[in-house]
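prediction below, plus the sequence it came from.
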Amino acid sequence: MRIASRTAKLGQPEVKLGIIPGFGGSQRLARLCGKGVAHELCLTGEMISAEEAQRIGLVNRVYEPAELLPAAEAIAKKIIANAPLAVKYTMEAIERGIEMPQEEGLFLEATLFGLVCATEDKREGTTAFLEKRPPQFKGR
């Protein structure tokens with residue numbers, strides 16, 4: 001997830017310096033926003049506003065500068081409240097799955113789904129749901 005301050009400027013200005021984006025900048029941008037956007041930003045070197053970055057899918061949300069850290073903390077608290085193994089396996093499915101053909105990603109997801117279904121946290125989560133109470137996850 002990526003969040004940005006309303007005052008942020010984002011871009012890949014390397015071509016203006018005679019170099020190319022490093023550390024995976026061109027590769028990640030193309031995967032996040034598509035080849036057309038990656039070509040435009042990487043080849044022109046132009047910077048874009050946070051609002052434009054949100055429009056093209058580069059950032060998820062835009063906040064006023066004073067709200068940025070509290071917003072990040074609120075998102076983190078929502079994630080932390082969930083079952084740790086389910087969060088871990090979800091992240092793995094997304095991060096590893098995006099790098100492989102869809103059929104392999106679907107197999108990875110199904111495998112991780114099977115693993116998480118055998119956890120104590122899954123039993124606690126479904127029991128808590130049925131009992132209409134907050135779950136008490138333990139990461140097992």
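Thanks, I have the structure now.

quick one: the strands in this structure?
Along the chain, counting by DSSP state E, strands occupy 3-5, 9-11, 47-49, 61-63.

need those strands in a markdown table (columns: mean neighbour count).
All C-beta spots, glycine's among them, are computed from the backbone N, C-alpha and C. Below are the strands of the chain laid out as a markdown table (neighbours: other C-beta atoms under 10 Å):
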| stretch | mean neighbour count |
| --- | --- |
| strand 3-5 | 19 |
| strand 9-11 | 17 |
| strand 47-49 | 16 |
| strand 61-63 | 18 |
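
need the CA coordinates for the helix or strand bottoming out on mean pLDDT in the chain. CSV is fine.
In the chain, no helix or strand scores lower on mean pLDDT, DSSP states H and E than helix 25-33, which sits at a mean of 91. Taking C-alpha atoms only, helix 25-33 is exported to CSV below (Å, rounded to 0.1, in the frame of the first residue of the first chain):
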residue,chain,number,x,y,z
GLY,A,25,11.7,1.9,-10.7
SER,A,26,10.8,1.2,-14.3
GLN,A,27,9.8,-2.4,-13.6
ARG,A,28,7.6,-1.6,-10.5
LEU,A,29,6.0,1.4,-12.2
ALA,A,30,5.0,-0.6,-15.3
ARG,A,31,3.5,-3.4,-13.1
LEU,A,32,1.6,-0.9,-10.9
CYS,A,33,0.3,1.5,-13.5
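
list the buried ones in that helix?
Residues of helix 25-33 classed as buried by neighbour count (16 or more other C-beta atoms under 10 Å): 25-26, 29-30, 33.

what is the nearest of the residues you listed to residue 10?
residue 29 (9.9 Å; C-beta to C-beta).

can you tell me how far that closest one is from residue 35?
Distance, residue 29 to residue 35, by C-beta to C-beta, to the nearest Å: 9 Å.
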